[in-house]
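> Sequence unavailable; structure follows:
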């Protein structure tokens, strides 16, 4: 469990008119995936990574502690998988947005993710679609 809350979320904003910050919790058991996502989001204005979790249990704990706007959740993880964690988070935090990110992107898996409470589902190989989904959420938060 890695908490990044001590950084100033406004560091990345370059002007008072910049987009508002969307606070993201990254959840994936693979460090390389989390690091890759962090690098991608560093280039996105208005995005702030508040923390990282390695499994669903950590995601639930960190959501309570950090109050993110968005959780980007892997589907297949040890201890507590992404579907169960998503269902628990969606029940406890109805305003929370959750994007499932998975190598399994068949229609049945997507339907299970949405039924569990995910806001969106993105294949891991499609980073641009993930960035577009996050940009949509930033825009929706501005309205």
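Sure, I can see it. What you see is a predicted model; the values in this text were computed from it and never measured.
> Hmm, residue 118 is touching residue 99, no?
Yes: the criterion here is Cβ atoms under 8 Å, and residue 118 meets it with residue 99 at 6.7 Å. Just so you know, the C-beta spots here come from the backbone N, C-alpha and C atoms, and that holds for glycine as well.
> ok, the two, which is more surrounded?
When neighbours are counted by other Cβ atoms under 10 Å, residue 118 and residue 99 differ, and residue 118 comes out ahead with 25 against 21.
> quick one, phi psi at that one?
Phi and psi for residue 118, reported as degrees, to the nearest 10, are phi -70, psi 140.
> any idea where the strands of this structure begin and end?
For the chain, strands defined by DSSP state E occupy the ranges 2-3, 22-27, 47-53, 70-74, 97-102, 120-123.
> Turn these into CSV, columns for distance to residue 86.
Compiled in CSV, these are given as follows (distance: least, Cβ to Cβ, whole Å):
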stretch, distance to residue 86
strand 2-3, 20
strand 22-27, 10
strand 47-53, 13
strand 70-74, 6
strand 97-102, 5
strand 120-123, 10
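> re the thing from before, so what sits against both of residue 118 and residue 99?
Common contact partners of residue 118 and residue 99 (Cβ atoms under 8 Å, 6 or more residues apart in numbering): residue 73.
> buried sites along the top helix by length along the chain?
Among the elements of the chain assigned as helix by DSSP state H, the one spanning the most residues is helix 127-142. Counting neighbours by 16 or more other Cβ atoms under 10 Å, one finds that the buried residues in helix 127-142 are 130-131, 133-135, 137-138.
> how near is the closest residue to residue 38 other than its chain neighbours to residue 26?
Leaving aside its sequence neighbours, residue 38 sits nearest to residue 49 (Cβ to Cβ, 6 or more residues apart in numbering; 5.7 Å). In this view, residue 49 and residue 26 are 6 Å apart by Cβ to Cβ, to the nearest Å.
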